[in-house]
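**Student:** sequence and predicted structure are below.
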Amino acid sequence: MTADTAAHATPAAARRQIRPPDPEAVTRVVAAALAEDLALGDPTTDGLFSPDATATFTLLIKEPGVVAGLPLVAAVFAALDPAVVVTATAADGDTIRVVPAEIARITGPARAILSGERTALNLLGRLSGIATLTASCVAELEGTGATLLDTRKTTPGLRELEKYAVRCGGGTNHRLNLGEALLVKDNHLRLAGGIAPAVAALRRSAPRLRLEVEAETLDDVRSALDAGCNRILLDNMTLDEMRAAVALIGHHVESEASGGITLANLRAVGETGVDFVSLGALTHSARTLDVSLEVAP
């Protein structure tokens, strides 16, 4: 990190270890995005610059936020031309407070950099927006004891990367896919005949998986406790109902709040005593952060 950028950025706490995205997911997403944008090539760039033309660009973040997606930027340009060099001056998870700020310098074949510009910026802006919203929500919950979770409400094909962005913002991932844990939701319960038979069937069919049951009422909470589960999801409850549910649950199992939760009421939800708060908005409603790639002076 350069001295100038360091003055603009707050590194992730103690440079915490952020689990990187699955390399196979990065390769797949980058390949699909480039194929979409370069389906007919880039005649503008190719017509203006020779194959041996080189240039240096600065990658800027233009509004305050949390950086996420620099490995994707590097992957985009590497896929187009391995001669492109991406030198990061910030790291994923860093909070940039004073803008505009340089977060990377990119040097190499001009054709590859110009052709990959939009794909790289789309990914970086999207992931940084998710990380920024996540960090705001984590800050709201600070001191309540509740852990912020994401959901599976992600962009199709981008789940691994969007959940990585949540990690960059300090959030915690819930299930990456349906097979990682059992979550019995309202439609499952209607078709299965209720909480007790659903839990009994799943304990027989998948005894090693953690089991979470959705509860819409306090009676549902009692039924879930009686049936024996690992976590109870308090769905669309009022704050008073959540507090009552937490009192019923005690330390018997974990509690999670979900539904109707926004940044405005997030702290109040955390203060009900729930163990977890899951928020689909982290990935389905985050605003893309303003980033740009400009020819270096």
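**Tutor:** It's in. Numbers count the residues shown, from 1 in each chain.

**Student:** run through the helices of the stretch 51-200 of the chain in chain order.
**Tutor:** Applying DSSP state H, counting those that start in this stretch to the stretch 51-200 of the chain gives helices spanning 70-80, 110-141, 159-168, 186-192, 195-205.

**Student:** can you name the residues in contact with whichever strand or helix holds E241?
**Tutor:** Assigned by DSSP states H and E, E241 falls within helix 239-249. Contacts to helix 239-249, defined as CB atoms under 8 Å, 6 or more residues apart in numbering, come from residues 215, 217-218, 221-222, 225, 232, 234, 237, 255, 257, 265, 268-269, 272-274. Heads up, the C-betas are built off the backbone N, CA and C, glycines and all.

**Student:** and the angle for the helix or strand just after that helix with helix 239-249?
**Tutor:** Remark: after helix 239-249, the chain's next helix or strand is strand 254-258, criterion DSSP H and E. Calculated by axes from the mean of the first three to the mean of the last three CA atoms, to 10 degrees, strand 254-258 forms an angle of 160 degrees with helix 239-249.

**Student:** sorry, back to before: in JSON lines: the helices of the stretch 51-200 of the chain, plus mean pLDDT.
**Tutor:** Listed next are the helices of the stretch 51-200 of the chain as JSON lines, based on pLDDT from 0 to 100:
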{"stretch": "helix 70-80", "mean pLDDT": "98"}
{"stretch": "helix 110-141", "mean pLDDT": "98"}
{"stretch": "helix 159-168", "mean pLDDT": "98"}
{"stretch": "helix 186-192", "mean pLDDT": "97"}
{"stretch": "helix 195-205", "mean pLDDT": "98"}
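
**Student:** among these, which is the most enclosed?
**Tutor:** Mean neighbours per residue, mean count of other CB atoms under 10 Å, is largest over the helices of the stretch 51-200 of the chain for helix 159-168, with a mean of 25.

**Student:** give the contact list for L59.
**Tutor:** Applying CB under 8 Å, 6+ apart to L59 gives the contacts V73, E102, I103, A104, R105, I106, L124, V291, S292, L293.

**Student:** I meant G69, not that one.
**Tutor:** Contacts of G69 by CB under 8 Å, 6+ apart are D92, L123, L124, G125, R126, L127, S128, L161, A165.

**Student:** for it, what are phi and psi?
**Tutor:** Main-chain dihedrals, G69, degrees, to the nearest 10: phi 120, psi 0.

**Student:** returning to what we had before: for the contacts of G69, which one is nearest A9?
**Tutor:** Lowest distance from A9 to the contacts of G69 (CB to CB) belongs to D92, with 11.6 Å.

**Student:** count the residues that sit near that closest one.
**Tutor:** 26 (other CB atoms under 10 Å).

**Student:** now do L38
**Tutor:** Residue neighbour count, defined by other CB under 10 Å, stands at 13 for L38.
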